[in-house]
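> The sequence isn't on hand, but the structure is:
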C-alpha cells in the first residue's frame, strides 16, 4: 500500500506534452471532453490532468494530484507517463501525514524526486 499525497502544488509547467496512450494506461481513468475543446483525465479522488489533445499527445494545461489513491496512481500512471514527456514540470508534494516532502522535477522525460525541507 502506498502513501497518499495530501498537498500537491505545481511550481513550473512549461510546454509539457505527455503521450495520450500513457495517460490512458490506467484502467480507472475517466476522460471528459470539455466545452472549450480541452480534455480532463481523472484518476481516483482528486487526481487529474487537463489539456488539449493534439495528435497522440496531451498538451498539459494543469495537473492536480492528491487524495485517496494518489500515491499508487502517481507511481503507476503519472510518473511513467512523465518519463515519455516533452517539456518541463516541477511540483512539490507533501505525502500523507507530512512523513515526507519532496519535489517532482521533470525535464524532457527525465524524472527526479528531490527531498525538500520546509
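On my side now, so go ahead. These numbers were taken from a predicted model, which means no experiment stands behind them. Numbers count the residues shown, from 1 in each chain.

> Ends of stretch 36-50, what's the gap?
Taking CA to CA, to the nearest Å as the measure, stretch 36-50 stretches 12 Å from start to finish.

> Now it: buried residues?
38, 39, 41, 42, 43, 44, 46, 47, 48, 49, 50 (16 or more other CB atoms under 10 Å). In this view, the C-beta of every residue, glycine as well, is placed from N, C-alpha and C.

> Just flag the most distant two among those.
The most widely separated members of the buried residues of stretch 36-50, counting by CB to CB, are 38 and 44 (20.1 Å).

> so what's the most centrally placed residue in the chain up against?
The structure's the chain has its C-alpha centroid closest to residue 78; by CA atoms, centre = their mean the separation is 4.8 Å. Applying CB atoms under 8 Å, 6 or more residues apart in numbering to residue 78 gives the contacts 43, 47, 49, 63, 65.

> lowest average confidence, helix or strand, in the protein?
Within the chain, no helix or strand scores below helix 70-73, which has a mean of 93 by mean pLDDT, DSSP states H and E.

> Check which helices and strands it is in contact with.
Under the contact criterion of 3 or more CB pairs under 8 Å, 6 or more residues apart in numbering; DSSP states H and E, helix 70-73 touches strand 5-19, strand 46-54.

> Format those strands as TSV; extra columns: mean pLDDT.
Output for the helices and strands packed on helix 70-73, formatted as TSV (pLDDT from 0 to 100):
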stretch	mean pLDDT
strand 5-19	97
strand 46-54	97
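
> mind listing what the closest residue to residue 98 other than its chain neighbours touches?
Spatial nearest neighbour of residue 98, excluding adjacent residues (CB to CB, 6 or more residues apart in numbering): residue 6 at 7.4 Å. Residue 6 makes contact with 66, 94, 95, 96, 97, 98 under the criterion CB under 8 Å, 6+ apart.
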